[in-house]
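Undergrad: Sequence and predicted structure, then a few things I'm wondering about:
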Amino acid sequence: MSPTIRVKLSIMMFLEFFIWGAWFVTLGTYLLQNLKTTGTQVGVAVLTQSIGAIVAPFIIGLIADRFFSAQKILGVLHLAGAFLLWRASTAADFSAFYPSILTYMILYMPTLALVNSISFRQMKNPQKEFAMIRVLGTLGWIIAGVTIGWLNWEQSGNLGLTFEMAAAASALLGAFSFTLPATPPVKKEGRSTVGEMVGLDAIRLLKNRSYLIFFLASIAICVPLSFYYGFTNPFLNEVGMKSAAGIQSLGQVSEVLFMLLIPVFFARLGVKNMLAIGMLAWVIRYVFFAYGNADTNYWMLIAGIVLHGICYDFFFVTGQIYTDNLAGEQSKSAAQGFITLATYGVGMLIGSLISGQIVDAHKLGNELHSWQAIWLIPAAIAGGVLVAFVLLFKDRNSAPQPDEMLYQETTARLEV
């Protein structure tokens with residue numbers, strides 16, 4: 001890959017996640033403080049992410065992979081997204097805000113697959129090259145949060161500017177996308193079914209009992225995950241944390257560090273232990289949030305944020321590796337799309353619907369909430385999922401790990 005293409009892909013990835021991080025982290029705070037919404041309405045707004053995740057495979061599988069170059073679709077979607085984000089920033093109430101953000105997320109979620117597709121098509125060795133490109137996306141999310149904290153938009157009541165900042169970045173990426181390397185549709189022999197194009201053929205993996213347990217646990221663990229996405233920023237601002245959005249970016253820093261350590265932990269702990277530790281981290285995080293405050297237990301808030309690296313990498317990244325190991329060579333992409341549809345689609349959808357209602361049920365008045373009671377609920381859900389997973393999951397049918405394969409190969413040679 002030439003240096004010019006590497007720089008272009010890095011800029012693309014940086015802007016892709018800067019846009020998302022620029023408004024999504026503080027969405028709950030903006031709605032509660034600026035538009036005076038209920039917690040249920042916040043959940044409905046976060047739910048747009050799940051709707052977008054469910055629709056995305058159809059847009060990519062039925063349109064992008066068949067008729068148009070990926071970089072051109074990316075450009076059109078982000079230019080349209082810029083208009084929708086700008087319109088969302090001018091909404092006077094939730095009824096005016098919601099249609100814009102719903103339409104935006106239906107257009108944005110497919111771009112997550114498009115930037116990956118564009119990147120992979122330019123790489124000779126994606127296993128070595130992709131991580132260095134993808135990490136720029138996490139850096140973009142971090143800088144978006146730091147910028148919001150540095151400009152003090154949360155405390156000053158100017159979170160509407162986050163949508164304007166994201167709109168500007170979306171317009172920039174939209175225009176820039178047309179300069180990216182050409183990524184035309186790959187011509188395939190024969191006709192593909194709708195199920196194959198959207199990844200539903202990967203449903204055969206559920207015949208494996210171990211994978212079925214993992215699949216159900218993935219959906220269930222995304223219910224408490226929706227509490228974090230929708231209400232962490234409002235919680236931190238309510239308890240008095242300054243520059244909350246900026247401090248929340250420590251979670252992405254942690255994510256990068258633990259992602260680099262995944263191969264080491266994976267070889268020593270194995271699939272089941274990695275997944276269990278990831279779920280345990282969710283329990284600990286929410287307990288820290290329940291008992292943390294901006295005074296003597298401030299460290300609990302920071303620890304809860306930093307645990308994001310373990311929460312995300314140990315469960316979701318490990319789960320993606322586990323899925324890749326079990327999927328056949330022809331079904332790897334479909335399998336990844338299927339598990340994403342289940343987690344960010346079905347799991348987050350359920351969580352978004354109930355999290356807002358739980359927050360509303362624990363409202364104390366004067367825009368305050370009983371956060372301890374709120375956070376103990378997702379902690380209990382995550383704990384229940386963890387116990388069920390540990391008792392039921394038996395990793396007997398996964399592909400051998402590298403160290404196991406080396407042992408088997410050595411033993412076979414000795415026998416010969």
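TA: Ah, there it is. This one's a predicted model, so the numbers in the text were calculated from it and none came from an experiment. Numbers count the residues shown, from 1 in each chain.
Undergrad: Okay, helices next: where are they in the stretch 101-250 of the chain?
TA: For the stretch 101-250 of the chain, the helices defined by DSSP state H, counting those that start in this stretch cover 126-150, 153-156, 160-177, 194-197, 209-238, 244-248, 250-291.
Undergrad: Just put the ones you listed in a markdown table and tack on mean pLDDT, distance to residue 323 and mean neighbour count.
TA: C-betas here are computed from N, CA, C, even on glycine. Shown next, in a markdown table, are those (pLDDT from 0 to 100; distance: least, CB to CB, whole Å; neighbours: other CB atoms under 10 Å):
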| stretch | mean pLDDT | distance to residue 323 | mean neighbour count |
| --- | --- | --- | --- |
| helix 126-150 | 84 | 16 | 19 |
| helix 153-156 | 86 | 37 | 17 |
| helix 160-177 | 96 | 29 | 21 |
| helix 194-197 | 57 | 17 | 15 |
| helix 209-238 | 90 | 8 | 23 |
| helix 244-248 | 88 | 28 | 24 |
| helix 250-291 | 88 | 10 | 19 |
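Undergrad: Would you format the ones you listed as CSV with distance to residue 385 included?
TA: Below are the helices of the stretch 101-250 of the chain laid out as CSV (distance: least, CB to CB, whole Å):
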stretch, distance to residue 385
helix 126-150, 26
helix 153-156, 32
helix 160-177, 32
helix 194-197, 28
helix 209-238, 5
helix 244-248, 24
helix 250-291, 6
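Undergrad: tell me the secondary structure for the closest residue to residue 162 other than its chain neighbours?
TA: Closest residue to residue 162 apart from its sequence neighbours, by CB to CB, 6 or more residues apart in numbering: residue 23 at 4.5 Å. For residue 23, the assignment made with DSSP: H, G, I helix; E, B strand; the rest coil gives helix.
Undergrad: number of nearby residues for residue 23?
TA: By other CB atoms under 10 Å, 26 other residues sit near residue 23.
Undergrad: Residue 175 and residue 161: what is the separation?
TA: 21 Å (CB to CB, to the nearest Å).
Undergrad: And for residue 168?
TA: 10 Å.
Undergrad: Now for the two: what residues contact both?
TA: Here residue 168 and residue 161 have no joint contacts, going by CB atoms under 8 Å, 6 or more residues apart in numbering.
Undergrad: confidence score at the nearest residue to residue 255 once chain neighbours are set aside?
TA: Excluding the flanking residues, the one nearest residue 255 by CB to CB, 6+ apart is residue 309, at 4.7 Å. Among the per-residue scores, residue 309 holds a pLDDT of 86.
Undergrad: if I read this right, residue 309 contacts residue 251, doesn't it?
TA: Yes. At 7.1 Å, residue 309 counts as touching residue 251 under the criterion of CB atoms under 8 Å.
Undergrad: before we move on, the earlier item: which one, of the helices of the stretch 101-250 of the chain, ends up nearest to residue 42?
TA: Between residue 42 and those, the shortest gap by CB to CB is with helix 209-238, which sits at 5.5 Å.
Undergrad: if we can go back for a sec, confirm the residue nearest to residue 255 sits in a helix?
TA: Yes. Per three-state DSSP, residue 309 lies within a helix segment.
Undergrad: That one and residue 210, how far apart?
TA: From residue 309 to residue 210 the distance is 26 Å (CB to CB).
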